[in-house]
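# sharing a model prediction with you, sequence too.
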Protein chains: 2
Amino acid sequence: MGNALDRREFLEKGTAGMLAAAAVATARSGACGEDSPLKPVRIGVVGVGGRGRWHVTNMLTYQENVVIPAICDYRTDRLAMAIETVKKAKGYEPDGYPNGKYDYRNMLERDDLDGILVATGIDFLGRISIDSLAAGKPVGHEVPGCYTLEECWELVEEHERSGKHCMLLENCCYGDETLMILNMIRQGLFGEPYFGVGSYVHDCRYSFFEADGTITWRGELWRDAYGCNYNSHALGSPSKWLGINDGDRFEYCLSMQSRPAGAHAYWTEKLGPQSEAAKVDFKTGDFVSTLIHTAQGRQIRVDYSLACTRPYSRYYLLQGMNGCFDSRTGMYLHGTSADYNWDPVDKFKEQYQHDYWRTDGAMAKKAGGHGGIDYFCIHDFIKMVRTGEPPWIDAYDAASWSSILHFSKLSLDRKGGPVEIDDFTRGKWKDPNWRQGRMA
Amino acid sequence: MGNALDRREFLEKGTAGMLAAAAVATARSGACGEDSPLKPVRIGVVGVGGRGRWHVTNMLTYQENVVIPAICDYRTDRLAMAIETVKKAKGYEPDGYPNGKYDYRNMLERDDLDGILVATGIDFLGRISIDSLAAGKPVGHEVPGCYTLEECWELVEEHERSGKHCMLLENCCYGDETLMILNMIRQGLFGEPYFGVGSYVHDCRYSFFEADGTITWRGELWRDAYGCNYNSHALGSPSKWLGINDGDRFEYCLSMQSRPAGAHAYWTEKLGPQSEAAKVDFKTGDFVSTLIHTAQGRQIRVDYSLACTRPYSRYYLLQGMNGCFDSRTGMYLHGTSADYNWDPVDKFKEQYQHDYWRTDGAMAKKAGGHGGIDYFCIHDFIKMVRTGEPPWIDAYDAASWSSILHFSKLSLDRKGGPVEIDDFTRGKWKDPNWRQGRMA
């Protein structure tokens, strides 16, 4: 796959404007910047397309005492933009690593980096993360994470060998509602949760090709890795709610997809039937449903598409013995809600909002980045690097969530037949306390 | 299974009050009753629990010139109530058939019945319908329809042999939104539809046992027929939208269920852990997901539960190449809706509401019965009997929808593996015009 480091250009922010706004926010909160009592954390960044550059801004502006001594991207235009961003914000110039797709390995040899943030295309997320751990450096990597099953296992093994931590930067797990539901589950309000739904239905067909006609990593993903191939925005929240790798684990999955037609139709209409784009044989179906059965007999469903003609849809559902949360409908708690009537979700916020949002919600919203979720996600990443403590979304989550790309594809090859999912914790999931205190 | 004819007591209406209201409605519309220019239609009814008695009221009060000469139910209290209902409404007394579960066969020998309506428990719906066709009488039967695969095939074969029609009385297909979406699909507004969702999540645990502790047919269903065992309220609408048996057909299905725990917990809490109810081994999982792949590469998902702690949830979704309808979120039509924004569904009603609702919606709502859908459903049943024309929801739909009970169970036995679904049309589905004009 080409364009390894080119990701999420379409999410690019007006960085200058954000920095200006951030300066105000920082002045107000007084919690960030070099005056912080916390020791500086030195982060090397690999991959500075739109998403990576936003992380640079986020870290320098909204997180406490972060320094970025080095940045790597083989696309020199982007590298230059990222270096300029740091220079403008902080006055110093990070070292650049522009020499091809493996120059990051030279960067990893530096002894002035406390951690690595990886925001490349999917084909390099796993590889660079594994290499970072091997170099003794904790790492945070963007979604969807590892591309192959081998990478998933290598990530876990390198984490265990090195003793260094790896965090999947799955921002959606930090949503206000997601964390509130987690809070409520832990307080027993839903009873035992046994069914969860997550979704990511986002018409990204426009992003499958560059303006010059080159296929992007998203386009390649949609072309080659049929199945649930960009799943963590959907899968993360219900996995956390149901205690995956924390008392339960994925056991097997089934997958079904509608025939692939949407991407072809879109690009045929846009560039004509004779265009190169119209000739690409996209193999991912227009709607991919994946059902995951857990060791405890629970069920998670993932709804996924990058090619549906509809508004961005990221809905979630949690069903427990005592009640239900449906992000599209509301909340129902037996004994609390009026008899068989949905309550508005906000009704529960005052009492059950997670401390992250209660304490720092205003700051997170000011920071922006998908409504504030990026703020908390990167906050936890920096905390992991600074303290050396294991993150909430760790190497085992990263591996098991990302592995669904592989296992759902296998299931499709078997006409939807069940495919056993590897236990990346090697049995540790059975102890519900092995991760105690990870997300208070 | 016991209590064959005991169904939907919990839906029972205050019949006397409804008849009074109906008299007013009839006087207003002037379309019903014996003064109708249409020839009388003579219906024999089997099974007069709450649901069956409501059909009696509906037919006598809101449909045109219906006569009910005979009623069968082995539960004599219910039979007496139904006979009394007819007597009060029309002044004549239908003959009763109270002698056991097979007395309906004596009723079928009468030569003064134009059609049969069956509203028994699931164990007899298929059997009685097949016997009715064999006796040369068109028949409408309640959901979920046939209980076994053999019955599904017998129903189709008896329909073909006798030349008489069979209609599944799937009222939800007659919903205002369902018919509007059908209308819009036929006018091409969604482009090619390729993914549909139907659901029936209805906490019916209270109805699994009678007050005296006897298990009901619903309880037996939940105990024995694990899988998607009461599916047509969910499956009917997306099947109609996607042209199942009309240019497409079910090809194979996958099924997954959460562990069964909800029914046991409910009855343990209600009657104590030593009660007979608490000792029943319910085998249907608390949430059952079924994915159906069609011959045209489309996909239907059925969400099903009778044991979830949440408000009644019957949501639908239709995804086409050009847009999406989600009953929980709204409507999106490319080129019509604002860029990637949901529109309220009602916005489209003025232009696209189906003629049934546009013309008779007020009457249907007055009649009541699940908000009016029963009115249209029974209207079509009476029309089928009166005209001899094939119904919209015919023997092939009845067989293929009901068969999912069997095939989803088989899939669960295979850990969710794919199970081929029989083609009850024996290839007729390939001709998209073989049913032309069935629902204008």
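That came through, no problem.

# would stretch A:182-198 count as contacting chain B?
Yes. Stretch A:182-198 lies within reach of chain B by C-beta under 8 Å from any C-beta of the partner chain, at A:191-192, A:194-195. All C-beta atoms are positioned from the backbone trio N, CA, C, and that covers glycine.

# for the stretch 301-440 of chain A, which residues are neighbours of chain B?
Within the stretch 301-440 of chain A, the positions near chain B by C-beta under 8 Å from any C-beta are A:301, A:308-313, A:319-324, A:326, A:328-329, A:332, A:334, A:340-342, A:414-418.

# any quick PyMOL command for the buried ones out of those residues?
In PyMOL, this line selects whichever of these come out buried by 16 or more other C-beta atoms under 10 Å in any protein chain shown:
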select buried, chain A and resi 301+308+309+310+311+313+319+320+321+322+323+324+326+329+332+334+342+415+416+417+418
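
# just the residues of the stretch 301-440 of chain A next to chain B: which are in helices?
Using DSSP state H, no member of these falls in helices.

# return the subset of the residues of the stretch 301-440 of chain A next to chain B lying in strands.
Using DSSP state E, A:301, A:319-320, A:323-324, A:326, A:332 are the members of these that sit in strands.

# where does the stretch 51-200 of chain A have low pLDDT?
The stretch 51-200 of chain A contains no residues with pLDDT under 70.

# which parts of it are strands?
A:66-72, A:95-97, A:115-118, A:139-141, A:166-168, A:193-201 (DSSP state E, counting those that start in this stretch).

# what about residue A:351, which SS state?
Classification of residue A:351 using DSSP: H, G, I helix; E, B strand; the rest coil returns helix.

# from chain B, how far off is it?
Relative to chain B, residue A:351 is positioned 20 Å away (C-beta to the nearest C-beta, to the nearest Å).

# can you check residue A:306 too?
Where chain B is concerned, residue A:306 sits at a distance of 13 Å (C-beta to the nearest C-beta).

# find the nearest non-adjacent residue to that residue, please.
Distance criterion C-beta to C-beta, 6 or more residues apart in numbering or on different chains; nearest residue to residue A:306, sequence neighbours excluded, is residue A:204 at 4.2 Å.

# just residue A:247 next, same as before
Here the residue nearest residue A:247, using C-beta to C-beta, 6+ apart, is residue A:432, at 3.5 Å.

# thought the one you found was touching residue A:249?
No. Here residue A:432 does not reach residue A:249: they are 11.5 Å apart, not a contact under C-beta atoms under 8 Å.

# these two: which is more packed in?
Ranked by neighbour count (other C-beta atoms under 10 Å in any protein chain shown), residue A:432 and residue A:249 place residue A:249 first, with 24 against 11.

# so for the more buried one, what's the pLDDT?
Residue A:249 carries a pLDDT score of 98 in this model.

# now do the helices in the stretch 201-350 of chain A.
Using DSSP state H, counting those that start in this stretch, the helices of the stretch 201-350 of chain A run over A:217-224, A:232-241, A:262-271, A:276-279, A:349-352.

# in chain A, which residue is most central in space?
residue A:170 (2.5 Å; C-alpha atoms, centre = their mean).

# among the residues of stretch A:182-198 next to chain B, which one sits closest to residue B:254?
residue A:195 (16.3 Å; C-beta to C-beta).

# count the neighbours of that closest one for me.
26.

# specify the beta-bridge partners of it.
Here residue A:195 shows beta-bridge partners residue A:299, residue A:319, assigned using DSSP bridges.

# which residues touch it?
Applying C-beta atoms under 8 Å, 6 or more residues apart in numbering or on different chains, we find residue A:195 in contact with A:298-301, A:317-319, B:258, B:286-287, B:308.

# which PyMOL command selects the buried ones in these?
Selection of buried members from the contacts of residue A:195 for PyMOL, criterion 16+ other C-beta under 10 Å:
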select buried, (chain A and resi 298+299+300+301+317+318+319) or (chain B and resi 258+286+287+308)
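
# which one of the contacts of residue A:195 is nearest residue B:146?
residue B:287 (24.0 Å).

# need the pLDDT of the closest one.
Value for residue B:287, per-residue pLDDT: 98.

# tell me who's in contact with it.
A:194-195, A:299, A:319, B:201, B:257-258, B:303-305, B:308.

# mind running it again at 10 Å?
A:194-197, A:298-299, A:301, A:317, A:319, B:201, B:256-259, B:262, B:303-305, B:307-308 (C-beta atoms under 10 Å, 6 or more residues apart in numbering or on different chains).

# hang on, the earlier thing: pretty sure the residue nearest to residue A:306 sits against residue A:229.
No. In this structure residue A:204 lies outside contact range of residue A:229 using C-beta atoms under 10 Å: 11.8 Å.

# what about the two, which has more around it?
Using other C-beta under 10 Å, the more surrounded residue of residue A:204 and residue A:229 is residue A:229, with 24 against 20.
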